[in-house]
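> Predicted coordinates and the sequence they were generated for:
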Amino acid sequence: MVERVRVAARVRAKPGFSAAILAPVSGQLVAPSGRELPQPGKRVEAGRLLALLRPNFSEAAARVAQADGEFNTAKAALDQAEAAYTRTKKLAVEEAKSPRELQEAELAYQSAKARYAAAAGLLATFKQAGGVAASDTPLLMELRAPIAGVLNSMAAGPGEVVSANQPVFTVLNPESVWIEASIPEASIARLSTGKDALIEMAGQPGQFLSIHGDGRGQLVSLGLEVDLATRTVPLIYEWKNPDGMLRVGQSVTLHVETTRAEEALAIPSAAIVEEEGRPIAFVQLAGETFEKRDVTLGIRDGNWVQVLSGIREGERVVTKGAYAVRLASVSTAIPAHGHVH
């Protein structure tokens, strides 16, 4: 038997498996030469050229001038730092410079290299598909897919204008998703070490998918901090989703394992009634003769409940009409067992 806590959950994109491609400046979308813009639902590879962006003239000119200026400044600083480092290294060999001075020169050189690489990368974004734009050709910027996946959305088509920092495309890789739930603080201590769970999807009540079944899922993390507002802890599972069974944003129900009993005596929960705040059940002795038993209950698994004491294996209990049998026993003042007509 397995007892579980039932919590609402949501499917979300696994980090690194979803990306938005933003317009770096405002401008007009242009299809790559000889190709059309990809449509939603189409698979794309990482680095795939999705579209070109023709920036507004004034903004493009300003950005090019800025990038070019930063590149030239970084190049001059790199040349100067490299020369200083080479000179200091030579003098250090002759013991004319201290190890500390050599270390400082090397650090300055490495910092200059990093600034130069960043400036070169910025300038390289302003280019045509075939190379850097010449003065007599329109400036174009490339919009490429940063990850492999499926084109999930596009905000504009060829010829349409987009604004700076506007998401133009979104790419989603649905082959692996996260299922995230919030576990009530009171249930955390009851979670089993395995923390297995069942997925129940909306519209399919009573049908379950095991997280750990067939090796499709695994526990990612159980949060270390309780949310002060909701008094819950985040629980995250990863689910291999090559068939697209789960969709990002979808609401599901998780039944998270709390306790497990490998060998247990269990009866239907419908057989349990309460009498003065304690659980009892009625055992059939013979025909229409029943005996009332105080029972000690353990874990619950769906419509079944574990019995720790009060009933022995093989005994028959009343599951339908158990409450009516209790009323009959009370009305005839039978303390432990009775005969019901």
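That came through, no problem.
> Ala186 is in contact with Val233, correct?
No. The criterion here is CB atoms under 8 Å, and Val233 misses it with Ala186 at 10.7 Å. C-betas here are computed from N, CA, C, even on glycine.
> Between these two, which has more neighbouring residues?
When neighbours are counted by other CB atoms under 10 Å, Val233 comes out ahead of the other of Val233 and Ala186, with 20 against 10.
> Which strands or helices does the longest strand anywhere in the chain pack on?
In the chain, assigned by DSSP state E, the strand with the most residues is strand 2-13. Contacts defined by 3 or more CB pairs under 8 Å, 6 or more residues apart in numbering; DSSP states H and E place strand 2-13 against strand 176-184, strand 197-201, strand 251-260, strand 296-301.
> now the ones you listed in TSV, with distance to Lys240?
Below are the helices and strands packed on strand 2-13 laid out as TSV (distance: least, CB to CB, whole Å):
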stretch	distance to Lys240
strand 176-184	6
strand 197-201	13
strand 251-260	15
strand 296-301	27
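> closest one to Ala119 among those?
Nearest of those to Ala119, taken as CB to CB: strand 176-184 at 36.5 Å.
> right, and the helix or strand after the closest one?
Following strand 176-184 in sequence order, the next helix or strand is helix 185-188 (DSSP states H and E).
> hey, where'd the helices end up in the protein?
Here the chain has its helices, by DSSP state H, at 57-93, 99-124, 185-188, 322-331.
> contact partners of stretch 233-244?
With contact meaning CB atoms under 8 Å, 6 or more residues apart in numbering, stretch 233-244 is reached by 7, 11, 14, 174-183, 185, 188, 195, 197, 199, 211, 215-227, 246, 254, 256.
> again, but for stretch 249-258
With contact meaning CB under 8 Å, 6+ apart, stretch 249-258 is reached by 2-12, 179, 181, 183, 187, 190-192, 194-202, 208, 235, 237, 246, 299.
> now with 6 Å?
Outside stretch 249-258, the residues that touch it by CB atoms under 6 Å, 6 or more residues apart in numbering are 2-7, 9-11, 181, 190-192, 196-201.
> now do stretch 304-318
Contact with stretch 304-318 is made by 1, 261, 264-267, 269, 271, 281-284, 293-299, 325, as judged by CB under 6 Å, 6+ apart.
> Recalculate using a threshold of 7 Å.
1, 261, 264-269, 271-272, 281-284, 290, 293-299, 325 (CB atoms under 7 Å, 6 or more residues apart in numbering).
> buried set for it?
Burial within stretch 304-318, assessed by neighbour count using 16 or more other CB atoms under 10 Å, is assigned to Trp304, Val305, Gln306, Val307, Gly310, Ile311, Glu315, Val317, Val318.
> Where does the prediction get shaky in the protein?
Scanning the chain with the threshold set as pLDDT under 70 gives 57-65, 122, 125-138, 192-194, 321-341.
> Who are the contact partners of the closest residue in space to Ala105 that isn't next to it in sequence?
Leaving aside its chain neighbours, Ala105 sits nearest to Thr88 (4.0 Å; criterion: CB to CB, 6 or more residues apart in numbering). For Thr88, the contact set (CB under 7 Å, 6+ apart) comprises Lys97, Glu101, Leu102, Ala105.
> Among the buried residues of stretch 304-318, name the ones in strands.
Per DSSP E, the buried residues of stretch 304-318 map to strands at Trp304, Val305, Gln306, Val307, Val317.
> Turn these into TSV, including distance to Gly157.
Shown next, in TSV, are these (distance: CB to CB, whole Å):
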residue	distance to Gly157
Trp304	57
Val305	60
Gln306	61
Val307	66
Val317	68
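> can you redo the buried residues of stretch 304-318 as JSON lines with distance to Asn56?
JSON lines is the format used below for the buried residues of stretch 304-318 (distance: CB to CB, whole Å):
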{"residue": "Trp304", "distance to Asn56": "68"}
{"residue": "Val305", "distance to Asn56": "70"}
{"residue": "Gln306", "distance to Asn56": "71"}
{"residue": "Val307", "distance to Asn56": "76"}
{"residue": "Gly310", "distance to Asn56": "81"}
{"residue": "Ile311", "distance to Asn56": "80"}
{"residue": "Glu315", "distance to Asn56": "84"}
{"residue": "Val317", "distance to Asn56": "79"}
{"residue": "Val318", "distance to Asn56": "80"}
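> In those, find the pair that's most separated.
Gln306 and Val318 (18.1 Å).
> on that earlier part again, give the buried subset of the contacts of stretch 233-244 as a PyMOL selection command.
Filtering the contacts of stretch 233-244 down to the buried ones (16+ other CB under 10 Å) takes a single PyMOL command:
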select buried, resi 7+11+14+174+176+177+178+179+180+181+182+183+188+195+197+199+211+216+217+246+254+256
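> Any idea what Met154 is bridged to?
Met154 has these beta-bridge partners by DSSP bridges: Phe169.
> okay, now Val168: neighbour count?
Using other CB under 10 Å, Val168 has 21 neighbouring residues.
> ok, it touching Gly157?
No. In this structure, Val168 is not within contact of Gly157 by CB atoms under 7 Å, at 10.3 Å.
> ok, now which ones touch Leu116?
Careful, residue 116 is Tyr and not Leu. Ala74, Lys75, Leu78.
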